[in-house]
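Asks: Let me see the structure of the following:
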Amino acid sequence: MQTKPSRLDAFFAVPAVAVAMAILCNVLWGSAFPFIKMGYRLFAIDAADTPSILCFAGVRFMLSAVLVWVCGGVLNRKPPPMPRGRVLAECCALGLWQTAAQYFFYYAAVALLTGALGGILNSTQSFLGVILAHFLYGKADRMTPRKALGCVLGFGGVLVVTLGNHGGGSVAGMAYMLIASCIFTVAGPWNKAVTRKADSFSVCCLNLGVGGFVLALAGFAMGGSLHPQSAAGIPVLLFLAFISGAGYVLWALLMKNNPVSRISVFGLIIPVMNVLLSALLNGEPLFEWNYLAALVLVCGGIFLVNRAPQPKTE
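Replies: Numbering: from 1, shown residues only. Prediction:
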């Protein structure tokens, strides 16, 4: 016997609501990079202060884990069930890989790159995921000419933004961001497999919480610290925690109640928000030719790899 969809599920299934929430979700994710850079400035963390960078990242993700746990409890009207045994161990291992390892490189890259360059490099996740899915899922998610063209455009955008780069960042920063994108891509199928064995909110809490705890522990053990230099420092850190927690909850509800193709295409908002907010919040250049050209290529690529196939007409 099928159960009637909850009011929340019915709300997120409305097409207009789904579009609005998908835009909001991707706007939040697109604001992460520039707000992290702002956080470094407000906490007086420089690019060489790796311990404090790890503290900043770790505290953010532990706060996010708490937010996801609370939201999961409110939405399901009971605390998310904690997995046990091997599934619990796998969730913790996922946190070490997807949160601790990925964001070790990601946060190091943020300190070394402009928001525009970092955001465009980070968009390679969309294209790496398409390539990996072809080998993992075969006919169920095979590479098509349209997806191949999207990947070519996307990586072309990355090439454009790194050629003739005027002070956008160091080679090490670019390498760190690409490593973080590769880790994220490999973690995607693993995360999907784990959520089939345990409650998705519990998986996310453990992922963020364990990974964040390891990052913070390593940072404080290495002598890192967090000292906000202005009253705006704490709200920025809390907003970053909200981005991770709220973004996950919104995305989970959207993917549960809508076709993937309707939602995924809005990922093209992320690099655009990165560039715009980096200029607005951190005073970075907006009208660099290579940034604008790369944005066009990357957004075009994201659109192509996520666009639903057109039905054949007789």
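Asks: how near is Lys78 to Ser202?
Replies: 12 Å (Cβ to Cβ, to the nearest Å). (C-beta placed from N, C-alpha, C; glycine too.)
Asks: So what's the gap between the host helix or strand of Pro271 and the chain middle?
Replies: Using DSSP states H and E, the secondary-structure element containing Pro271 is helix 269-282. When distances are taken as Cα atoms, centre = their mean, to the nearest Å, helix 269-282 is centred 15 Å away from the chain's centroid.
Asks: in the stretch 151-300 of the chain, which spans are helices?
Replies: For the stretch 151-300 of the chain, the helices defined by DSSP state H, counting those that start in this stretch occupy 171-195, 200-221, 233-257, 260-264, 269-282, 289-306.
Asks: out of those helices, nearest to Trp97?
Replies: Each of those was scored for nearness to Trp97 using Cβ to Cβ, and the closest is helix 171-195 (5.7 Å).
Asks: List the contacts of that closest one.
Replies: The set of residues that contact helix 171-195 without belonging to it, under Cβ atoms under 8 Å, 6 or more residues apart in numbering, is 87, 90-91, 94, 97-98, 101-103, 105-106, 108-109, 111-113, 117-118, 121-122, 124-125, 128-129, 132-133, 136, 162, 203, 207.
Asks: Return a PyMOL selection command for the buried portion of these.
Replies: PyMOL command restricting the contacts of helix 171-195 to the buried ones, with burial defined by 16 or more other Cβ atoms under 10 Å:
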select buried, resi 87+90+91+94+97+98+101+102+103+105+106+108+109+111+112+113+117+118+121+122+124+125+128+129+132+133+162+203+207
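Asks: Just say helix, strand or coil for the residue found closest to Tyr291 once you drop the neighbours it is linked to in the chain.
Replies: Ranked by Cβ to Cβ, 6 or more residues apart in numbering and with sequence neighbours excluded, the top spatial neighbour of Tyr291 is Ala116, at 4.7 Å. For Ala116, the assignment made with DSSP: H, G, I helix; E, B strand; the rest coil gives helix.
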